[in-house]
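>>> Give me a model of this one.
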Amino acid sequence: MNLRTLLIKRMYIFVLCMSLCMAQFILLPSYAAYADEDDDDDDDDDDKSSDSSSEINEIKRQIEESKAAKEKANQTKSTLASGMASVQQVIGSLQKEKNDVVTYVATLDAAMEQIQDDLDAINESISENEIQLDDARQSLEEAEDALEEAEQTREEEYENIKDQVKFMYLASKSTFLEILVTSQSVSDLLNRTHYISKILDYDREKLDEYAAAVDSANEAREAMEESKAVLEEKQTELEEKQSEAQDKKDDMSDLISAKETEINLYSAEIGSKEEQVREYQAMIAQQDAEIAAIEQAIKQQQAALAEANRRQYGGGQFVWPAPGYTRISDDYGMRNHPTLGVEMMHNGVDMAAPSGSPIKAAADGTVIAASYSSTMGNYIMIDHGSDIITVYMHASSLNVSAGQEVSAGDRIGSVGSTGRSTGPHLHFGVRENGSYVNPWKYLK
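Modelled structure (predicted):
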């Protein structure tokens with residue numbers, strides 16, 4: 001095997017080893033905490049513990065006060081929301097009543113339009129009837145004029161005939177005698193007698209004609225009077241209907257006006273209630289802002305409480321995790337890996353001990369991992385606060401589980417050779433602020 005091939009193989013083994021180590025580190029979570037490692041004085045620790053307890057109690061009191069304030073704010077908000085809901089219900093009721101009135105007004109408007117149509121038709125009939133009535137009056141005047149003229153003509157003719165009859169009566173003796181004497185023959189006499197008779201008949205006929213004309217004119221006048229009376233009666237009826245329709249229109253107009261006033265009142269009341277709703281909404285928004293501020297304060301207080309409650313490492317020396325066995329088979333630092341054959345960092349201390357011997361917790365803490373990996377085997381991780389974590393690898397068995405609280409010296413497992421191991425031992429490591437450090441810092 002040449003040198004190049006050997007270097008490539010060693011490089012491959014080194015990369016593989018680093019990959020496995022990185023996988024091991026990824027499995028180890030980091031935790032942030034406050035630490036005060038320089039205070040080893042027991043009295044100072046007691047003072048700090050007392051101060052911490054007072055701080056925790058004060059934060060708890062603040063949280064309770066904030067929760068009470070939030071509850072009160074929620075109750076106030078609930079009361080406001082209930083009040084707003086009641087006002088909105090009133091608005092809904094008012095709006096319904098207003099809509100009913102608006103619908104009623106629309107019905108009245110339709111009825112008003114019909115009344116106006118009827119009134120317009122009546123007014124049109126009145127106008128037409130007035131025209132006919134004017135025509136009838138004019139025709140009646142003409143008929144009265146014709147009657148008066150006919151009666152005058154008849155009176156004049158009657159006077160003429162009366163004078164003629166009187167003259168003929170007075171002169172009848174001499175006239176008839178003259179006719180007889182002066183007649184040249186019987187034929188002439190008859191002719192003259194016939195002529196006189198014709199004259200009398202003509203006068204009588206003319207008189208009858210004038211009398212008939214008077215009767216006709218009188219009948220026409222009476223007909224015109226009857227027509228005029230009918231038209232006047234119709235005009236009276238139309239004017240009564242017009243008055244009734246106008247009264248209906250006026251009443252309807254008054255009713256519509258009253259309903260529109262009612263609508264305006266509803267609108268004003270609804271506007272007032274809507275203003276109340278806006279006020280409620282503003283107050284509820286204010287309560288929401290107050291509640292949000294209280295919730296934010298509670299979050300901050302709870303975060304402060306969680307921070308105050310976080311475990312703090314009190315300092316001092318760790319309990320030896322493999323009691324009775326102090327031989328170190330492999331120390332912390334750079335070494336030649338026993339299975340990979342490459343030099344690499346050993347991040348802990350290997351304590352040689354027989355399989356099944358106890359593994360003890362190095363300090364008080366909370367178990368944050370108790371599991372298995374192909375590299376670490378059965379392993380345990382304990383958080384001691386102040387961002388200090390201890391790691392125990394290659395155990396044959398585990399006596400604890402994640403989340404469990406342990407005290408310094410508690411048995412947490414048994415030594416073994418699980419995972420990547422060359423024999424029974426306890427690999428003990430310490431992490432500070434997410435990185436491995438030399439465990440001897442805490443073991444000496």
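
>>> CA atoms for contacts and neighbours, from now on please.
Noted.

>>> So which residue is dead centre in the protein?
In the chain, the centroid-proximal residue (CA atoms, centre = their mean) is residue 88; its distance is 12.0 Å.

>>> Can you get me a residue count around the nearest residue to that one once chain neighbours are set aside?
Nearest residue to residue 88, sequence neighbours excluded (CA to CA, 6 or more residues apart in numbering): residue 277, at 7.0 Å. Using other CA atoms under 10 Å, residue 277 is surrounded by 21 other residues.

>>> again with the one 5 residues further on
For residue 282, the number of neighbouring residues by other CA under 10 Å comes to 12.

>>> and the one helix or strand residue 63 maps to, average pLDDT?
Secondary structure from DSSP states H and E places residue 63 in helix 42-170. Across helix 42-170, the average pLDDT comes to 82.

>>> Stretch 415-423 too?
So the average pLDDT for stretch 415-423 ends up being 94.

>>> before we move on, back to that, residue 417 versus the residue nearest to residue 88, what's the distance?
75 Å (CA to CA, to the nearest Å).

>>> just residue 246 next, same as before
Remark: distance between residue 246 and residue 417 (CA to CA) = 116 Å.

>>> neighbour-wise, which of these two wins?
residue 417 (22 against 16).

>>> ok, that one touching residue 424?
Yes: Residue 417 is in contact with residue 424 according to CA atoms under 8 Å; the separation is 4.5 Å.

>>> Next, show the common contact partners of these two.
Common neighbours of residue 417 and residue 424, counting by CA atoms under 8 Å, 6 or more residues apart in numbering, are 355, 394.

>>> where do the helices sit along the chain?
Using DSSP state H, the helices of the chain run over 3-26, 42-170, 172-182, 186-309, 440-443.

>>> And for residue 320, the neighbour number?
With other CA under 10 Å as criterion, residue 320 counts 21.

>>> dump the residue contacts of the closest residue to it other than its chain neighbours.
Spatial nearest neighbour of residue 320, excluding adjacent residues (CA to CA, 6+ apart): residue 362 at 6.2 Å. Residue 362 makes contact with 318-321, 390, 408-409, according to CA under 8 Å, 6+ apart.

>>> Closest one of those to residue 264?
residue 390 (80.9 Å; CA to CA).

>>> So for that closest one, what's the nearest residue that isn't a sequence neighbour?
Closest to residue 390 by CA to CA, 6+ apart is residue 430, at 4.6 Å.

>>> Could you do residue 384 as well?
Per CA to CA, 6+ apart, closest to residue 384 is residue 365, 4.3 Å.

>>> Any idea what the one you found is bridged to?
Following DSSP bridges, residue 365 is listed with bridge partners residue 406.

>>> do the same with residue 333
For residue 333, the beta-bridge partners are residue 346 (DSSP bridges).

>>> Surely it is in contact with residue 343?
No: assessed by CA under 8 Å, residue 333 is found out of contact with residue 343, at 10.2 Å.

>>> which residues touch the residue nearest to residue 88?
Contacts of residue 277 (CA under 8 Å, 6+ apart): 84, 87-88.

>>> ok, now how distant is it from residue 268?
Distance of residue 277 to residue 268, computed by CA to CA: 14 Å.

>>> just checking, residue 420 touches residue 376?
Yes: counting by CA under 8 Å, residue 420 does reach residue 376; the two are 6.4 Å apart.

>>> With neighbour numbers in mind, choose between these two.
residue 376 (22 against 14).

>>> ok, now which ones touch the more buried one?
For residue 376, the contact set (CA under 8 Å, 6+ apart) comprises 24, 393-394, 418-420.

>>> please redo it, this time with the cut-off set to 6 Å
The contact partners of residue 376, taken as CA atoms under 6 Å, 6 or more residues apart in numbering, are 393-394, 419.

>>> In a markdown table: those, plus distance to residue 219 and neighbour count.
As requested, the contacts of residue 376 are exported to a markdown table (distance: CA to CA, whole Å; neighbours: other CA atoms under 10 Å):
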| residue | distance to residue 219 | neighbour count |
| --- | --- | --- |
| 393 | 146 | 30 |
| 394 | 148 | 28 |
| 419 | 146 | 18 |
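
>>> ok, so of those residues, who is nearest residue 64?
Using CA to CA, the contacts of residue 376 come closest to residue 64 at residue 393, 43.3 Å.

>>> Next one: that closest one relative to residue 222, how far apart?
Using CA to CA, residue 393 is found at 142 Å from residue 222.

>>> Equivalent analysis for residue 80, please.
From residue 80 over to residue 222 (counting by CA to CA), the distance is 88 Å.

>>> Looking at the two, which has the bigger crowd around it?
Using other CA under 10 Å, the more surrounded residue of residue 80 and residue 222 is residue 80, with 19 against 15.

>>> Would you mark the buried spots in stretch 95-105?
For stretch 95-105, burial by neighbour count (16 or more other CA atoms under 10 Å) applies to 95, 98, 101-102, 105.

>>> In contact with the residue nearest to residue 384, which residues?
Residue 365 touches 382-384, 405-406, counting by CA under 6 Å, 6+ apart.

>>> cool, and residue 282?
Counted by CA under 6 Å, 6+ apart, residue 282 has zero contacts.

>>> that older thread, pLDDT wise, what is the residue nearest to residue 320 at?
pLDDT, residue 362: 96.

>>> And it, how close does it get to residue 420?
Remark: distance between residue 362 and residue 420 (CA to CA) = 23 Å.

>>> Equivalent analysis for residue 260, please.
95 Å.

>>> and if you look at residue 219?
148 Å.

>>> ditto for residue 95
For residue 95, the distance to residue 420 - CA to CA - is 82 Å.

>>> And for residue 247?
113 Å.

>>> now do residue 256
From residue 256 to residue 420 the distance is 99 Å (CA to CA).

>>> ditto for residue 81
For residue 81 relative to residue 420 (CA to CA), the value is 66 Å.
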